[in-house]
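> Test case, fold it:
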Amino acid sequence: MQRIAIIDIGSNSARLVISHIYKSGAYNMVFNQKEMLRLAQKTEGEGLLSKEAFDSTLQVMQSFAYMCRQYKTDKIIAVATAAIRNAKNGSQLTSEVFEKTGIRLHIISGNMEAQLSYLGVINTLPMKDGIIFDLGGGSTELILFRNRKLVESFYLSQTKDSIVSEDEKLVFSGKNGSFYMDATLYRAQKDGLSGVIYYYGTVEETAEEGAETSEEAEE
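Numbers count the residues shown, from 1 in each chain. Next up, the predicted model:
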């Protein structure tokens, strides 16, 4: 048995999951911690992550590193996505994270993010064919799958493909973003898929936050 920690530093939130991985391939999650970072909103005009972004990320990573020590993890896998990937000083932040915590935070590409989204979602779905729509705080991945195998994926950046943050909402505009979405849906319909889109990532977080806000209002 191995005790593995997985850290995901996204554009909105950061998550630490520690699991026991058994030789049979089965796993058991023993710890789960989520923190809201809002890195996508802590980027300055020149495409640089702000001091607040650095401070909050380092604080969260130090907390994650402490929990990894407490659980005596055998291995730590840490990745960063769009907000750090698109920032001009993203690599500087990962270097500081390593200096302060000893954890190597790997900046993954948009295509790799889409592939990992597919692997994470497909194992929770009973469907053979469909589209995974992974809406994040700094990017969106569209993944087309048939017979539970990845056929094609598109990666859309908020800054490069006209998907922008506006008052906590994502607004899709411009030829690039529209083209990729329309092309993927057309391909799905042409191939006889039902057109069902599975939402993941920020959509789920937004729903959770909305539910919490409603509960607080009722109280």
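
> show me the contacts for A80.
9, 90, 94, 105-108 (CB atoms under 8 Å, 6 or more residues apart in numbering). Using the backbone N, CA and C atoms, a C-beta is placed for each residue, glycine as well.

> which among those residues gets closest to I122?
I108 (18.1 Å; CB to CB).

> Just the CA atoms of stretch 31-49, as CSV, please.
C-alpha atoms of stretch 31-49 as CSV (Å, rounded to 0.1, in the frame of the first residue of the first chain):
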residue,chain,number,x,y,z
PHE,A,31,-8.1,13.2,3.8
ASN,A,32,-9.5,16.0,1.6
GLN,A,33,-8.9,19.7,2.0
LYS,A,34,-10.1,22.5,-0.2
GLU,A,35,-9.1,26.2,-0.1
MET,A,36,-10.4,29.1,-2.2
LEU,A,37,-7.5,31.0,-3.7
ARG,A,38,-9.1,33.1,-6.5
LEU,A,39,-5.8,33.4,-8.4
ALA,A,40,-7.6,34.3,-11.6
GLN,A,41,-8.7,37.5,-9.8
LYS,A,42,-5.3,38.2,-8.4
THR,A,43,-3.5,38.9,-11.7
GLU,A,44,-2.2,42.3,-12.4
GLY,A,45,-2.5,44.2,-15.7
GLU,A,46,0.8,43.1,-17.1
GLY,A,47,-0.1,39.4,-16.7
LEU,A,48,1.7,39.0,-13.4
LEU,A,49,0.4,37.3,-10.3
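
> Just the mean pLDDT for that stretch, thanks.
Averaged across stretch 31-49, the pLDDT comes to 92.

> do the same with stretch 103-122
Per-residue scores along stretch 103-122 average to 87.

> contacts for it?
7, 9, 61, 64-65, 68, 76, 78-82, 84-85, 90-91, 93-94, 97-98, 132, 134, 139, 141-143, 145, 148, 150, 153-155, 157, 198, 200-201.

> Any of those residues buried? List them.
Taking 16 or more other CB atoms under 10 Å as the criterion, what is buried in the contacts of stretch 103-122 is 7, 9, 61, 64-65, 68, 76, 78-82, 84-85, 90, 93-94, 97, 132, 134, 139, 141-143, 145, 153-155, 157, 198, 200-201.

> Select from those every entry located in helices.
Counted as lying in helices by DSSP state H, out of the buried ones among the contacts of stretch 103-122, are 61, 64-65, 68, 82, 84-85, 90, 93-94, 97.

> Most widely separated two among those residues?
Greatest spacing in these, by CB to CB: C68 and A82 (24.1 Å).

> rewinding a little: between the contacts of A80, which is closest to N32?
I9 (15.4 Å).

> ok, back up a step: now render the ones in helices among the buried ones among the contacts of stretch 103-122 as CSV, adding distance to N123 and pLDDT.
Converted to CSV, those look like this (distance: CB to CB, whole Å; pLDDT from 0 to 100):
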residue, distance to N123, pLDDT
M61, 27, 98
F64, 24, 98
A65, 28, 98
C68, 24, 98
A82, 23, 87
I84, 26, 95
R85, 25, 92
G90, 29, 97
L93, 31, 98
T94, 28, 98
V97, 29, 98
